[in-house]
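**Q** Return atomic coordinates for the entry below.
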Amino acid sequence: MGTSTIGISLYYLFDILSWIIVIKSFMTWLPNGGGKFYDVLSTITEPIEAPIRSVMDKYTSGPVDFSPMVTILALILLKNIALTIFI
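**A** This next block holds a predicted model:
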């Protein structure tokens with residue numbers, strides 16, 4: 001397994017995680033919240049979002065949760081780092 005394969009795999013992994021976070025965020029606008037599918041997406045994304053959310057709770061207040069946006073920005077940064085290092 002070459003380093004370019006690792007870089008491309010990480011790139012797609014971070015990309016898929018970003019889209020899962022976007023889909024999960026849109027599902028909060030649904031009347032029933034998405035049901036079991038939302039729970040599955042939360043199981044995937046919560047280990048990534050929870051640490052960011054806990055740090056942000058110390059510095060922000062209000063009804064809007066910005067942790068998905070910050071998480072996506074962090075994933076974009078990690079994608080670029082993975083491409084720089086492995087390709």
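
**Q** just checking, residue 23 touches residue 42?
**A** No - with contact defined as C-beta atoms under 8 Å, residue 23 and residue 42 do not form a contacting pair (11.1 Å). To be clear about C-beta, it is placed using only N, CA and C from the backbone, and glycine gets the same treatment.

**Q** So residue 41 versus residue 18, what's the distance?
**A** 12 Å (C-beta to C-beta, to the nearest Å).

**Q** So which of those two has more stuff around it?
**A** Between residue 41 and residue 18, counted using other C-beta atoms under 10 Å, residue 18 has the larger neighbour count: 20 against 17.

**Q** Buried residues in the strand or helix carrying that one, which are they?
**A** Using DSSP states H and E, the element containing residue 18 is helix 3-27. Neighbour-count burial for helix 3-27, counted by 16 or more other C-beta atoms under 10 Å, picks out 7, 10-11, 14, 17-18, 20-21, 24-25, 27.

**Q** That one - contacts with which helices or strands?
**A** Helices and strands touching helix 3-27, by 3 or more C-beta pairs under 8 Å, 6 or more residues apart in numbering; DSSP states H and E, are helix 35-59, helix 67-86.

**Q** in the chain, which ranges drop under the pLDDT threshold?
**A** 1-3 (pLDDT under 70).

**Q** I appreciate the help and will end here.
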